[in-house]
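Trainee: no sequence for this one, just the structure:
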């Protein structure tokens, strides 16, 4: 069952940034801008373990993701899904995403040697907004 | 008390799109791409009353907003706040936002004569991600 249409896959396969929303301990939404990679219908994120979004997803895996191409902002996709977290001790995904987005190795935004995890979000609901549809 | 720095104000005062996150009835996050206008430290959104995000904010006013300039995506702002909703029977804000973003009157994405409301989000927490800071 393919949840993500070719058009939505294209948004995730490009170098568009995504907004990842999680739930704070009190239940309010928490959202940040992130790199993303698609694997089938799953979305993969490289997160430092120390970040609030990582703690949020570990406690409550429910998440939402929005992505759009800034060159065509009226075509956006919204995914609601459930995250599973696993360790990425060597930061392999962070490095892969860095090559995807910057063309080079990870530039160290998160400081030296963060403890990386991979969040894999399996899509539940997918919605799109296209002006022509 | 100014919660939004000049840099963050600049992001909202430009024609950058924002991602607005609300809470579905079961508590999971729901996020969509929206136009936004700043009024002091408040963020204003024009929402058709029929949309899920409008029902969400009417039931639970807790929201998160992310904005960035696609030309400089490593500088993004995240706002968590609380929404108040009021009717906008003539769609004045939708028209104002349309002029801001498209340069012309509202192009009718939401169909003919939607029942408009204005969501005013008062910032609680503001965080920024700047690579150089």
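Mentor: Structure received. Just so we're clear, the structure is a prediction, and the values are computed from it rather than from any experiment.

Trainee: check which element follows the longest helix seen in chain A along the chain.
Mentor: Once chain A is assigned using DSSP state H, the helix that runs over the most residues is helix A:92-102. For helix A:92-102, the succeeding helix or strand toward the C-terminus, using DSSP states H and E, is strand A:116-129.

Trainee: same for the longest helix of chain A, what does it pack against?
Mentor: The criterion is 3 or more CB pairs under 8 Å, 6 or more residues apart in numbering or on different chains; DSSP states H and E, and the helices and strands that helix A:92-102 contacts are strand A:37-39, strand A:42-48, strand A:116-129. All C-beta atoms are positioned from the backbone trio N, CA, C, and that covers glycine.

Trainee: centre of the chain to the shortest one, how far?
Mentor: Averaging C-alpha coordinates over strand A:37-39 and over its chain gives two centres that are 9 Å apart (CA atoms, centre = their mean, to the nearest Å).

Trainee: circling back: adding mean neighbour count, mean pLDDT and distance to residue A:16, write the helices and strands packed on helix A:92-102 out as TSV.
Mentor: Formatted as TSV, these follow (neighbours: other CB atoms under 10 Å in any protein chain shown; pLDDT from 0 to 100; distance: least, CB to CB, whole Å):
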stretch	mean neighbour count	mean pLDDT	distance to residue A:16
strand A:37-39	15	98	11
strand A:42-48	22	97	12
strand A:116-129	18	96	14
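
Trainee: just put those strands in TSV and tack on distance to chain B.
Mentor: Written out in TSV, the entries for the helices and strands packed on helix A:92-102 read as follows (distance: least, CB to the nearest CB, whole Å):
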stretch	distance to chain B
strand A:37-39	16
strand A:42-48	12
strand A:116-129	7
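
Trainee: do you know which of those strands lies nearest residue B:52?
Mentor: Each of the helices and strands packed on helix A:92-102 has some distance to residue B:52 by CB to CB; the shortest is strand A:116-129, at 9.3 Å.

Trainee: circling back to that earlier point, format the helices and strands packed on helix A:92-102 as CSV; extra columns: distance to residue B:95.
Mentor: As requested, the helices and strands packed on helix A:92-102 are exported to CSV (distance: least, CB to CB, whole Å):
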stretch, distance to residue B:95
strand A:37-39, 37
strand A:42-48, 36
strand A:116-129, 20
